[in-house]
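> Here's a sequence, model it:
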Amino acid sequence: MAGRSLLKDHWQEQRLFLSRIIAAAIIVLLLSAVLVTRLVQLQIVDFQRFSELSQGNRFRIEPLPPNRGIVYDRNGLVIAENLPNWELVAVGEEIDDLEKTLLALEELELIDPSEHNTLRDLVRSHRGFERVKLSSLTEVQAATFAVRRHRFSGVDIQEALVRHYPFGEASAHAVGYVGSLSAADLERIDRSNYTGTSQIGKSGVERAYEDTLHGKVGYRQQVVNAQGRVLNYAASEIRAGSASDVSGVETKWPVPGDNVVLSLDMRLQLASQEAMADLRGAVVAIDPRNGDVLALVSTPSFDPNRFATGLSRADFVALNTDPDKPLYNRALAGTYPPGSTVKPFLALTALQNEAFPPDQEAYCPGHFSLPGMTHRYRDWRPQGHGNVDMHDAIVQSCDVYFYQLAIALGIDAMAVGLRQFGFGAPTGLDINGENSGIVPSREWKQKQFARREDQVWFPGETVITGIGQGYMLVTPIQLAHAGATFAARGHRFEPRLLIGTEDAVTREVRYAEPTVLAGVEDEVAEHWEIVHSAMVGVTAEPRGSARGAWQGTTYSVAGKTGTAQVINIAQGERYREEDIDERLRDHGLFVAYAPAEAPRIALGVVVENGGGGSRAAAPVARKILDAYFAAEAYVAREP
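Reported below is the predicted structural model:
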């Protein structure tokens, strides 16, 4: 059909167009409904939640660490305080070459070269604009850096507080020290209360009373941008007015830690430290009337300020590997055979058990053998002491007498008697690190050894326990605690360092009551007097084993010397000190209380490898007690 033209179907096109318009309108309406629904969801339903999230992006919480509490001695002297200090800090994004910068700071001795890698990783692990502490600086170091600051872009100094121990080594083992938080520390603390804090108590009072000394952390909100950078205007505006000058910004000030008052008398502590100068050992002084620890010294010691300012790894390794073990608290953890210092306590136990009458004499030819045995247990005096009763045996420290007393008493009764004075268990002192020592018995040996043949208790072991040798071990604080218990005629108090706390804001002091322990149950005054009289004779009678150290005193002392063997001497051989390595020589011990008629102080002294107690430990005790009574006399003269 040539020439035939096709006509358009306008109605069909209009219907198609209209259907498309309707479909588009429906889609637009649906999308609009979704948009409106979403807007309602965001602006109305979830408004509060997103508002808080937006504020969280705008504000950042800056922790405000609390000031650590001060530590005082019983007389108000400051033992631990917080002093202004300089810190070297770095801002990573402002440092052009971190490696070069660290090396330059090392050349100026501002940071420790051994910490190079640690500090580099520390800076890189923080966000670029955050300040990172590199080291603590002395005033000289701060001045050294200040004149060269222009050479170190991104490095600056800032003020801070550092823990300071005015008495240094003299207070180290009692007060302890603070150090950097470790992973182990984080497991035992409330982390939220340590935000912004980099140090924590590591030993001594600093660790035991960490919760008291630390305080409560505060915070300050800071206005930040989307990258988390603090806006400069925010800090200035906050300082210019109240805690909420900038909309929504809040500040909660930290609560400082409480101050603590210790039982220590720093004058006596210093005298004890001086008396033990160049010696290895320990001194503990206790007030028998309440258990207050007046002095606690372990030598050699260390400077706790080195830990507070940041001890390098190399320096810590040097301290930790020192053969003299300055970090080791001998006063609490050191265990030693008590030697003859145990004799007064065994004598009282024999009187309690009616096992050995005080007037019964024993003959001392200089040695002792068990019936049917050829082995000789020697007396310290080869020619012997002749006939001695209990008084003479304690005064002259006759070993043979106490060999016989031990056999008559028996090991189990000896163990019960010694435990009532606190031997064989921690005394309960309120800082960590106490060793329990050992009071041997048949039951103890059965538990200690696995093989049946090793569990048998032999009579010879009872013999040597009678002079404080064999398995028996005591700590210096146990020795002082036992002496204090005897001085108080059997009344026992738990040794303590903390005697009060002071509110850092109100200055209100709250004192604690002493803790009473189960004492020695012996109401026969004559028993105590017999042994007490002999202990006075040790320092006062012509044949007393410590008479030489106590001549010319204006006060009376009851005491007992002790010599503890470190190595065994074979039968037929003699102990020759000059032929033995210094660290294998005998330990010297001394237990005492004074004034003898009304005791106010009890002492336990141990001098490692110092020789006999009369030669090594008694002179140390004399110096300490002289200082104690001299201080008392000085206070009495004050108006």
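> SS state for residue 295?
When classified by DSSP: H, G, I helix; E, B strand; the rest coil, residue 295 comes out as strand.
> What about it, how many residues nearby?
29 (other CB atoms under 10 Å). Where you see a C-beta, it was placed from the backbone N, CA and C, and this is true even at glycine.
> Distance of it relative to residue 118?
To residue 118, residue 295 is 39 Å away according to CB to CB, to the nearest Å.
> What strands flank the biggest strand by length in the chain, and is each parallel or antiparallel?
Criterion DSSP state E: the longest strand present in the chain is strand 78-91. With DSSP bridges as the test, strand 78-91 is paired with strand 71-72 (antiparallel), strand 131-137 (antiparallel), strand 155-164 (antiparallel).
> how about the longest one: buried residues?
This points to strand 155-164. Judged by neighbour count (16 or more other CB atoms under 10 Å), strand 155-164 contains these buried residues: 155, 156, 157, 160, 162, 163, 164.
> List the buried residues in stretch 182-192.
residue 185.
> for it, what is the average pLDDT?
On average, the pLDDT along stretch 182-192 is 78.
> What of stretch 164-175?
On average, stretch 164-175 scores 96.
> residues contacting residue 413?
By CB atoms under 8 Å, 6 or more residues apart in numbering, residue 413 lies in contact with 349, 353, 355.
> Now do the phi/psi pair for residue 459.
Taking degrees, to the nearest 10, you get phi -60, psi -40 for the backbone angles of residue 459.
> excluding its backbone neighbours, what's nearest it?
residue 370 (5.6 Å; CB to CB, 6 or more residues apart in numbering).
> one step back: just the buried ones from the contacts of residue 413?
349, 355.
> which residues of the stretch 351-500 of the chain fall in helices?
Under the criterion DSSP state H, counting those that start in this stretch, the stretch 351-500 of the chain contains helices at 390-396, 399-409, 411-419, 442-448, 459-465, 476-487.
> Highest mean neighbour count across the ones you listed, which stretch is it?
helix 476-487 (a mean of 29; mean count of other CB atoms under 10 Å).
> so where is the stretch 1-150 of the chain shaky, pLDDT-wise?
1-8, 50-62, 126-127, 129-131 (pLDDT under 70).
> which residues sit in contact with residue 146?
Going by CB under 8 Å, 6+ apart, residue 146 touches residue 157.
> can you give me the strands for the stretch 401-550 of the chain?
492-493, 498-502, 509-511, 516-517 (DSSP state E, counting those that start in this stretch).
> Let me know which of those strands is tucked in deepest.
strand 492-493 (a mean of 23).
> partner strands of it, parallel or antiparallel?
By DSSP bridges, strand 492-493 pairs with strand 516-517 (antiparallel).
> hmm, who's touching the strand it pairs with?
422, 428, 491, 492, 493, 494.
> so how far is residue 501 from the closest residue to the first one other than its chain neighbours?
Closest residue to residue 422 apart from its sequence neighbours, by CB to CB, 6+ apart: residue 481 at 4.8 Å. Shown here: residue 481 relative to residue 501, a distance of 24 Å by CB to CB.
> Surely residue 563 is within a strand?
Yes. Using three-state DSSP, the secondary structure at residue 563 is a strand.
> who are the neighbours in contact with it?
Contacts of residue 563 by CB under 8 Å, 6+ apart are 339, 340, 380, 586, 587, 588, 589, 611, 612, 613.
> Which residue comes closest to the third one once chain neighbours are left out?
So the one you mean is residue 380. Going by CB to CB, 6+ apart, residue 380 has residue 399 as its nearest residue, at 5.8 Å.
> what about the one you found, distance to residue 563?
For residue 399 relative to residue 563 (CB to CB), the value is 10 Å.
> do the same with residue 586
5 Å.
> ok, now residue 153?
Relative to residue 563, and taking CB to CB, residue 153 is found at 67 Å.
> ok, residue 626 - how many residues close by?
Residue 626, neighbours per other CB under 10 Å, totals 15.
> Mind pulling up the pLDDT for it?
96.
> just for this protein, where's the confidence low?
1-8, 50-62, 126-127, 129-131, 183, 196, 222, 224-249, 567-579, 633-639.
> which residue packs closest to residue 185, ignoring adjacent ones?
residue 200 (5.2 Å).
> State the next helix or strand along the chain beyond the strand or helix carrying the one you found.
Residue 200 is part of strand 199-201 when elements are defined by DSSP states H and E. Sequence-wise, the next helix or strand downstream of strand 199-201 (DSSP H and E) is helix 204-208.
> Show me what that following helix is packed against.
helix 172-175, strand 199-201 (3 or more CB pairs under 8 Å, 6 or more residues apart in numbering; DSSP states H and E).
> Show me what the shortest one is in contact with.
So that's strand 199-201. Applying CB under 8 Å, 6+ apart, the set of residues contacting strand 199-201 is 163, 176-181, 185, 189, 194, 207-210, 213-214, 308.
> again, only this time at 6 Å
Residues outside strand 199-201 that contact it (CB atoms under 6 Å, 6 or more residues apart in numbering) are 178, 181, 185, 207, 210.
> From the chain's centroid, how far away is it?
Distance, stretch centre to chain centre, for strand 199-201: 11 Å (CA atoms, centre = their mean, to the nearest Å).
> coming back round to it: of the contacts of strand 199-201, which is the nearest to residue 390?
residue 207 (44.5 Å; CB to CB).
> Okay, and the beta partners of the closest residue to that closest one other than its chain neighbours?
Nearest residue to residue 207, sequence neighbours excluded (CB to CB, 6+ apart): residue 201, at 4.0 Å. Here residue 201 sits in beta bridges with residue 178, going by DSSP bridges.
> Tell me the spacing between residue 201 and residue 163.
Taken as CB to CB, the span from residue 201 to residue 163 is 9 Å.
> Which ones among the contacts of residue 563 lie within helices?
Among those, the members falling in helices (DSSP state H) are residue 613.
> Pick the one among the contacts of residue 563 closest to residue 327.
Closest to residue 327, out of all of those and judged by CB to CB, is residue 587, at 20.2 Å.
> residues touching the spatially closest residue to that closest one that is not a sequence neighbour, list them.
Spatially, and ignoring its direct neighbours in sequence, residue 587 is nearest to residue 564 (4.3 Å; CB to CB, 6+ apart). By CB under 6 Å, 6+ apart, residue 564 lies in contact with 336, 337, 339, 587.
> who does the first one bridge with?
Under DSSP bridges, the beta-bridge partners of residue 336 are residue 474.
> Please tell me how far it sits from residue 430.
Distance from residue 336 to residue 430, by CB to CB: 23 Å.
> With the second one instead?
Applying CB to CB, the value for residue 337 to residue 430 is 27 Å.
> Pick out whichever of those two has more residues nearby.
Ranked by neighbour count (other CB under 10 Å), residue 337 and residue 430 place residue 337 first, with 25 against 16.
> The nearest residue to residue 466 once chain neighbours are set aside: what's it in contact with?
Spatially, and ignoring its direct neighbours in sequence, residue 466 is nearest to residue 406 (2.8 Å; CB to CB, 6+ apart). For residue 406, the contact set (CB under 6 Å, 6+ apart) comprises 462, 463, 466.
> Please apply the same query to residue 499.
Counted by CB under 6 Å, 6+ apart, residue 499 has contacts 261, 263.
> Next: residue 215.
66, 255, 256, 257 are the contacts of residue 215 under CB under 6 Å, 6+ apart.
> Go again with 10 Å.
Applying CB atoms under 10 Å, 6 or more residues apart in numbering to residue 215 gives the contacts 65-69, 193, 197, 254-258, 504.
> go on, residue 601?
So residue 601 contacts 265, 268, 285-289, 292, 294-295, 480, 483-484, 487, 592-595, 624-625, 628-629, 632 (CB under 10 Å, 6+ apart).
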